[in-house]
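J.: any chance you could fold what I've pasted below:
(chains A and B)
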Amino acid sequence: QKEVEQDPGPLSVPEGAIVSLNCTYSNSAFQYFMWYRQYSRKGPELLMYTYSSGNKEDGRFTAQVDKSSKYISLFIRDSQPSDSATYLCAMSARPGANNLFFGTGTRLTVIP
Amino acid sequence: GAGVSQTPSNKVTEKGKYVELRCDPISGHTALYWYRQSLGQGPEFLIYFQGTGAADDSGLPNDRFFAVRPEGSVSTLKIQRTERGDSAVYLCASSLWAGADTGELFFGEGSRLTVL
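T.: Presented below is the predicted three-dimensional model:
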């Protein structure tokens, strides 16, 4: 079993829809959780970072962590065509960025 | 440059050949990472440097893979006797320092390696 599981999609939604992306994990040592966005043929870029259970909001994006269920989510409100990308969850047992464990990524397309 | 720069962007080689991939991190970033991303997968950790030394090389798949960062800036990932299974995008990333609170890695666009 992989340490981080993520549905690869693809996921297609109409513009303006609410998008929900999810990851589950098995390693209870993971304490730090991130969401990265990766456009085609580009490197991933950090969207959200959190280390506590609960919600964290940044504009149209909300990251949710439930450590008891080992489940994290990213919600995108009022989705835009420019949100079309692959979304990768990532996590680590220590603060900082060494040796992140990534999910496989979910490919999202927002249709105008 | 402003971001992480990787060269070459694409490399096609034959099985058994030697390959070098170069990474130029963001100026001032002391931590540098190599990840490998196979098709349809997330990035997998290979190695990270804090300064000139490899602080964690636990992700290198075998002894055909080696990386250096002699002056604490540019890094080279070296792959000997390439195999078809080495085909992937090799991503380099840097951060201010490995313990930075935000956990933000700044990735380059990657070097796409194809082994025929």
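J.: run me through the strand neighbours of the helix or strand bottoming out on mean pLDDT in chain B, direction for each.
T.: In chain B, the helix or strand scored least confidently by mean pLDDT, DSSP states H and E is strand B:53-56, which has a mean of 90. Partners of strand B:53-56 in the sheet, by DSSP bridges, are strand B:44-50 (antiparallel).
J.: please see if stretch B:66-75 touches chain A.
T.: No. Using C-beta under 8 Å from any C-beta of the partner chain, stretch B:66-75 stays clear of chain A, coming no nearer than 14.3 Å. Backbone N, C-alpha and C define where each C-beta goes, glycine included.
J.: can you pull the buried residues of that stretch?
T.: Under the neighbour-count criterion of 16 or more other C-beta atoms under 10 Å in any protein chain shown, stretch B:66-75 has B:67, B:69, B:73, B:75 buried.
J.: list of residues touching that stretch?
T.: B:22-25, B:30, B:32, B:34, B:46-47, B:49, B:51-54, B:57, B:60, B:76-78, B:80, B:92 (C-beta atoms under 8 Å, 6 or more residues apart in numbering or on different chains).
J.: now render the buried residues of stretch B:66-75 as a markdown table, adding pLDDT and secondary structure.
T.: Compiled in a markdown table, those are given as follows (pLDDT from 0 to 100; DSSP: H, G, I helix; E, B strand; the rest coil):
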| residue | pLDDT | secondary structure |
| --- | --- | --- |
| B:A67 | 97 | strand |
| B:R69 | 96 | coil |
| B:S73 | 93 | coil |
| B:S75 | 97 | strand |
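J.: give me the number of residues near the nearest residue to A:V19 once chain neighbours are set aside?
T.: Leaving aside its sequence neighbours, A:V19 sits nearest to A:I76 (C-beta to C-beta, 6 or more residues apart in numbering or on different chains; 4.1 Å). A:I76 has 23 neighbouring residues, counting by other C-beta atoms under 10 Å in any protein chain shown.
J.: which residues of chain B score low on pLDDT?
T.: In the predicted model, chain B carries pLDDT under 70 at residues B:1, B:97-103.
J.: tell me, what residue is most central in it?
T.: Nearest to the mean C-alpha position of chain B, by C-alpha atoms, centre = their mean, lies B:W34 at 3.0 Å.
J.: could you list the low-pLDDT ranges of chain A?
T.: A:1, A:96-97.
J.: on that earlier part again, pull the distance from the least confident helix or strand of chain B to the chain's centre.
T.: 13 Å (C-alpha atoms, centre = their mean, to the nearest Å).
J.: next one: stretch A:6-25
T.: Centre-to-centre, stretch A:6-25 and its host chain are 9 Å apart (C-alpha atoms, centre = their mean).
J.: I figured B:Q41 hits A:T86, correct?
T.: No. B:Q41 is not in contact with A:T86 according to C-beta atoms under 8 Å; the separation is 10.7 Å.
J.: chain A: strands as residue ranges?
T.: Using DSSP state E, the strands found in chain A span residues A:4-6, A:11-14, A:19-25, A:32-38, A:45-50, A:54-58, A:61-66, A:71-76, A:85-92, A:101-102, A:106-111.
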